[in-house]
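Participant: my questions are about this predicted structure, shown below with the sequence.
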Amino acid sequence: MRVWNQLYMKECIFIVLLFCCSLQLHAQTKFYTLVSERTIGYKRTFQVQYIVEGAKKIKDFRSSKFADFNIEDEFEIPTTPTISAQTLQLVDAYSKIIVLSPKKTGVLTVPGATAKIDGKLMRSNTVKVVVRQTGLSPLSNADAEKEKVEDESEIKPGENIEQKIRENFYLKGEANKKTCYVGEPVMVVYKAYSRLNANSQVVRRPSLTGFSVVEMVDSYDNRPEIEKINGKSFFTHLIRKAQLFPLQAGTFTLDAAEVESTIYFFKNPDAGINDDLQRLLERSTVDQPPAFTRLEHKTVLKSAPFSISVKPLPEAGQPANFGGAVGQYSVALRLLKTELQQGEPGKLQVMISGNGNFPLVTAPSIEWPAGLDITDPSAKEELNKFIYPLRGGKIFEYNFSSKDTGSFSIPPVEFSYFDPALKKYVTKKSSAAIFHIHKGVKIGPSPARQATSVNFDAPLPFYWYWFGILAMGLTGYIIYFLWSRSKSRQKLQPVIPKTEPPKKSENIFEDPFNMARHAMYGEDKQKFYSEIQRVLWKTVAEKCHAVPSTLNKQNIAAQLRNCEISEDTISELQYILNECEWAVYTPSVDEKDMSKILFSSQKIRKQLGE
């Protein structure tokens with residue numbers, strides 16, 4: 001009886017352990033929804049990402065209907081090792097990305113997706129986003145009352161143009177910190193504030209010399225927001241927003257941003273007109289000479305310079321393995337395979353996750369076991385640049401192999417960093433990594449062949465050969481007879497020529513952005529932006545019936561106005577052309593920037609009537 005109880009208890013424990021393991025395996029599989037931003041401008045695009053982590057098989061992936069959104073584009077990223085956006089751990093993840101634009105304003109719900117994951121039907125979470133009007137979007141009556149921006153373009157008696165510009169049109173640059181340590185992230189923002197009727201163009205963005213720079217926006221569009229400064233509402237245009245990582249100690253004065261602008265003023269020579277309604281009627285009069293005089297004033301605005309004081313990192317308590325990392329981090333090791341054969345390459349990944357100056361993070365030192373051949377590491381970053389401070393992870397991947405066999409252990413890796421919040425150095429340690437190398441499968445010598453006896457059948461009688469020859473001749477005659485008969489029938493029937501349907505001509509140049517798209521996939525930045533410029537200039541030339549060489553940035557607006565193109569389209573086109581010129585010299589441009597420019601260029605070309 002006692003033996004039976006022990007067996008029963010062991011069986012129960014085994015079942016419980018299996019159940020716990022199944023729960024753990026299930027917990028490792030995740031299916032969730034992420035959006036690129038929670039607050040979105042009306043009719044502006046954003047990305048929805050459906051992510052499956054830790055799954056072996058994914059089937060029947062279906063996204064729900066987007067009733068409140070338009071689908072602009074969609075693509076997928078196959079299953080690859082990546083850093084989880086939720087746990088910041090290295091996992092195998094599959095992503096389905098859909099680019100959407102909202103159809104209306106308000107609080108909208110992005111639906112989840114469904115998929116059959118490892119044989120089980122799963123659904124991802126829904127996400128709520130806030131869609132609001134931007135400065136160039138048509139505001140509703142309620143919003144217009146709340147966020148009304150007064151037009152101060154009228155020069156009243158006693159006022160002058162320079163005073164008007166100083167009070168109602170200016171650039172401003174500021175940093176969230178005036179003092180920091182070397183490597184500590186600082187966020188800087190440059191904006192233009194305006195209450196005047198003006199046509200402006202950014203001619204110089206600050207270069208931010210002395211810092212490692214990470215841009216916080218995919219592209220700089222010309223759509224303003226509305227902000228209140230000292231109780232007055234202004235249209236604000238974002239010129240540059242970036243995270244800076246100081247490279248050395250000292251005081252750095254940041255460059256100014258410059259905007260070239262043509263401001264359209266109205267001047268009232270008649271001091272007796274004081275009523276606002278009468279001023280409006282006088283401005284819009286076309287049948288008689290207006291009382292208001294239109295003035296155009298060209299000017300160049302600059303932001304005021306400001307400085308950031310960078311302190312050196314303390315030498316006291318600095319660990320010997322410190323490599324310059326500043327922020328808050330954790331470190332982990334991962335072997336892609338723990339069972340290897342002799343000579344088979346293995347992969348070790350060292351993952352640094354957290355927040356801080358990732359562009360300056362270097363690989364920590366590793367104590368490798370003897371007998372291994374190791375390559376230099378490759379680095380891969382998975383970062384969320386839209387939030388401050390920069391958050392995500394950096395993976396250093398090593399390839400190794402060995403002719404020896406046995407068990408190998410890589411000791412825990414230490415990673416040291418300076419925490420500016422604690423104002424001290426911190427050292428984190430990973431767990432050890434253990435793997436085994438087995439003997440390769442060898443092909444042994446083939447065993448000696450044993451002699452075998454072969455029995456030959458008796459030969460066929462001679463008359464069978466004559467019978468075979470007769471059968472072959474008869475078969476050949478029948479085939480020839482049938483073939484001759486079919487030929488004679490074909491001669492008697494009239495030959496009707498076959499008419500092939502005309503082939504559809506294929507225009508290989510149907511999409512003028514093909515070359516730009518190939519350059520984007522090949523990460524050829526200069527060729528991509530050159531192709532975008534070429535297509536847009538050619539489109540404008542065809543629209544205006546002009547030779548491309550006669551067009552330039554100074555007369556393109558006038559040419560398009562003569563073709564009755566809207567001011568919004570002209571401004572968007574000028575913005576794209578400026579971005580193409582600027583992006584060639586910007587090292588931080590990535591595929592998302594190029595994808596945004598490509599989408600906007602296709603939209604502009606469509607608006608121009610192509």
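Facilitator: In hand now; what should we look at? Nothing here was measured: the structure is a model prediction, and the numbers come from that model. Numbering: from 1, shown residues only.

Participant: so where do the helices sit in this structure?
Facilitator: According to DSSP state H, the chain carries its helices in the segments 2-28, 141-146, 161-168, 276-284, 463-492, 514-521, 525-544, 556-562, 567-583, 591-607.

Participant: state the number of residues packed around residue 123.
Facilitator: 14 (other C-beta atoms under 10 Å). Placement of C-beta: from N, CA and C, glycine included.

Participant: go on, residue 150?
Facilitator: Around residue 150 there are 10 residues (other C-beta under 10 Å).

Participant: now for the closest residue to it other than its chain neighbours: which residues touch it?
Facilitator: Distance criterion C-beta to C-beta, 6 or more residues apart in numbering; nearest residue to residue 150, sequence neighbours excluded, is residue 195 at 6.2 Å. Contacts for residue 195 (C-beta atoms under 8 Å, 6 or more residues apart in numbering) come out as 149, 150, 151, 152, 168, 169, 232, 233, 234, 235.

Participant: show me these that map onto strands.
Facilitator: 169, 232, 233, 234, 235 (DSSP state E).

Participant: as a markdown table, the residues you listed with neighbour count and distance to residue 256 would be great.
Facilitator: Converted to a markdown table, the ones in strands among the contacts of residue 195 look like this (neighbours: other C-beta atoms under 10 Å; distance: C-beta to C-beta, whole Å):
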| residue | neighbour count | distance to residue 256 |
| --- | --- | --- |
| 169 | 23 | 15 |
| 232 | 14 | 24 |
| 233 | 15 | 25 |
| 234 | 23 | 19 |
| 235 | 19 | 21 |
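
Participant: show me which pair in these is furthest apart.
Facilitator: Farthest-apart pair in those is 169 and 233; separation 13.9 Å (C-beta to C-beta).

Participant: any low-confidence regions in the stretch 501-610 of the chain?
Facilitator: Filtered on pLDDT under 70, the stretch 501-610 of the chain yields the residue ranges 501-510, 547-551, 553-554, 584-592, 610.

Participant: show me what residue 244 bridges to in the sheet.
Facilitator: Beta-bridge pairing of residue 244 under DSSP bridges involves residue 186, residue 213.

Participant: how far away is it from residue 579?
Facilitator: 21 Å (C-beta to C-beta, to the nearest Å).

Participant: ok, residue 377 next?
Facilitator: Distance from residue 377 to residue 579, by C-beta to C-beta: 34 Å.

Participant: more neighbours, the two?
Facilitator: Neighbours were counted for residue 377 and for residue 579 using other C-beta under 10 Å; residue 579 has more, 23 against 17.

Participant: residue 597 is in contact with the more buried one, correct?
Facilitator: Yes - Residue 579 lies in contact with residue 597 (C-beta atoms under 8 Å); the separation is 6.2 Å.

Participant: do you know how far the closest residue to residue 130 other than its chain neighbours is from residue 97?
Facilitator: Once flanking residues are discounted, residue 130 sits nearest to residue 39: 4.9 Å by C-beta to C-beta, 6+ apart. Using C-beta to C-beta, residue 39 is found at 20 Å from residue 97.

Participant: do residue 483 as well
Facilitator: 63 Å.

Participant: of the two, who's got more company?
Facilitator: Higher neighbour count among residue 483 and residue 97: residue 97, with 16 against 9, using other C-beta under 10 Å.

Participant: what is that one paired to in the beta sheet?
Facilitator: Taking DSSP bridges as the rule, residue 97 bridges to residue 49, residue 75.

Participant: wait, what's in contact with it?
Facilitator: With C-beta under 8 Å, 6+ apart, residue 97 has these contacts: 47, 48, 49, 50, 74, 75, 76, 77.

Participant: could you do residue 578 as well?
Facilitator: 201, 202.

Participant: tally of neighbours for residue 243?
Facilitator: Count around residue 243 with other C-beta under 10 Å applied: 22.

Participant: could you pull out the strands for the stretch 251-400 of the chain?
Facilitator: 258-267, 293-302, 306-311, 327-335, 339-341, 346-356, 373-374, 378-384, 391-401 (DSSP state E, counting those that start in this stretch).

Participant: which one of those lies closest to residue 471?
Facilitator: Nearest of those (C-beta to C-beta): strand 339-341, 59.4 Å.

Participant: gap between the residue nearest to residue 77 when sequence neighbours are not counted and residue 358?
Facilitator: Among residues not flanking residue 77 along the chain, residue 95 sits closest, at 4.2 Å (C-beta to C-beta, 6+ apart). The spacing between residue 95 and residue 358, counted by C-beta to C-beta, is 21 Å.

Participant: which of the two has more residues huddled nearby?
Facilitator: residue 358 (27 against 17).

Participant: residue 395 is in contact with the more buried one, correct?
Facilitator: No - Residue 358 is beyond contact range of residue 395, at 11.0 Å (criterion: C-beta under 8 Å).

Participant: where does pLDDT dip in the stretch 151-300 of the chain?
Facilitator: 218-223, 268-292.

Participant: give me the number of residues near the nearest residue in space to residue 342 that is not next to it in sequence?
Facilitator: Excluding its sequence neighbours, the residue lying closest to residue 342 (C-beta to C-beta, 6+ apart) is residue 440, at 4.2 Å. If you count neighbours by other C-beta under 10 Å, residue 440 ends up with 12.

Participant: do you know how far residue 440 is from residue 299?
Facilitator: Noted for residue 440: a distance of 76 Å to residue 299, by C-beta to C-beta.

Participant: with residue 432 instead?
Facilitator: 66 Å.

Participant: compare these two (neighbour count), which wins?
Facilitator: residue 299 (15 against 11).

Participant: next, the contact list for the nearest residue to that one once chain neighbours are set aside, please.
Facilitator: Excluding the flanking residues, the one nearest residue 299 by C-beta to C-beta, 6+ apart is residue 261, at 5.8 Å. Residue 261 makes contact with 169, 198, 199, 200, 201, 298, 299, 300, 301, according to C-beta under 8 Å, 6+ apart.

Participant: distance check, residue 261 against residue 599.
Facilitator: 28 Å.

Participant: likewise for residue 149?
Facilitator: On the measure of C-beta to C-beta, residue 149 and residue 599 end up 29 Å apart.

Participant: next one: residue 72
Facilitator: 7 Å.

Participant: list residues touching both of the two?
Facilitator: With C-beta under 8 Å, 6+ apart, residue 72 and residue 599 have common neighbours 45, 99.

Participant: you'd agree residue 148 is up against residue 232?
Facilitator: No - applying C-beta under 8 Å, one finds residue 148 not in contact with residue 232, separated by 10.5 Å.
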